[in-house]
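S.K.: sequence first, then the predicted structure, then my questions.
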Amino acid sequence: AQRVTQPEKLLSVFKGAPVELKCNYSYSGSPELFWYVQYSRQRLQLLLRHISRESIKGFTADLNKGETSFHLKKPFAQEEDSAMYYCARGGTDKLIFGTGTRLQVFP
Amino acid sequence: KAGVTQTPRYLIKTRGQQVTLSCSPISGHRSVSWYQQTPGQGLQFLFEYFSETQRNKGNFPGRFSGRQFSNSRSEMNVSTLELGDSALYLCASSSPAGVDTGELFFGEGSRLTVL
């Protein structure tokens, strides 16, 4: 099965600490990877996509085809980063999501 | 632009009943996807419609069905409800290329509780 795996259900860090949310995928073709975020009481929304190679709100994610990973990183976490993060894979006319990682940033 | 609108926002049903959920996409978006969100499973893909045609379907039983109308509004139906169907059902719309580019716009969801 073509899966997206997020091994951590919960990640807790203190403000200012580095953050890495892990995502691994399985896909036989050329994957298109994305990170979505859901803040408390807000809608699920696109955070960033690998093809854009952009940094959004200080977050970056690099596609590593050798390790089939697309980890989300931020050097210094902020309290407002606390949210649910979902990794997703496209490329097949549908988006497949991982089970999500809840990031808690403590003051 | 108005966002994706889902109705009803909350509903309670009993086992064996059926339910219909509605989704109005962003104006101009012709693709509508449906997902089931639960704490343990995350977001699971149900189906995707484009121009009134189902383009993709997830691994859900036949009790789950959907359709799309000519104005791109979509409905999903779950028949013979089971306790395990309790979840937040999310609808997302996108432009024709949006599904491939990963840019889905989500609604707030319809929270279904089955008693």
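M.R.: Arrived safely, thanks for sending.

S.K.: residues in contact with the one residue in chain B that gets nearest to chain A?
M.R.: Per CB to the nearest CB, the residue of chain B with the smallest distance to chain A is B:G42, at 3.5 Å. Placement of C-beta: from N, CA and C, glycine included. Remark: with contacts taken as CB atoms under 8 Å, 6 or more residues apart in numbering or on different chains, B:G42 is in contact with A:6, A:86, A:97-100.

S.K.: mind checking which of these land in strands?
M.R.: A:86, A:97 (DSSP state E).

S.K.: for the residue of chain B closest to chain A, name its beta-bridge partners.
M.R.: Counting by DSSP bridges, B:G42 is bridged to B:T38.

S.K.: quickly list what the residue at minimal distance from the centre of chain B is bridged to.
M.R.: The geometric centre of chain B, computed from its C-alpha atoms, lies nearest to B:W34 (CA atoms, centre = their mean), at 3.1 Å. Beta-bridge pairing for B:W34 (DSSP bridges): B:F47, B:C91.

S.K.: for A:L46, see how far away A:Q78 is.
M.R.: Distance, A:Q78 to A:L46, by CB to CB, to the nearest Å: 19 Å.

S.K.: next up, phi/psi of A:I51, please.
M.R.: Backbone geometry at A:I51, expressed as degrees, to the nearest 10, gives phi -70, psi -20.
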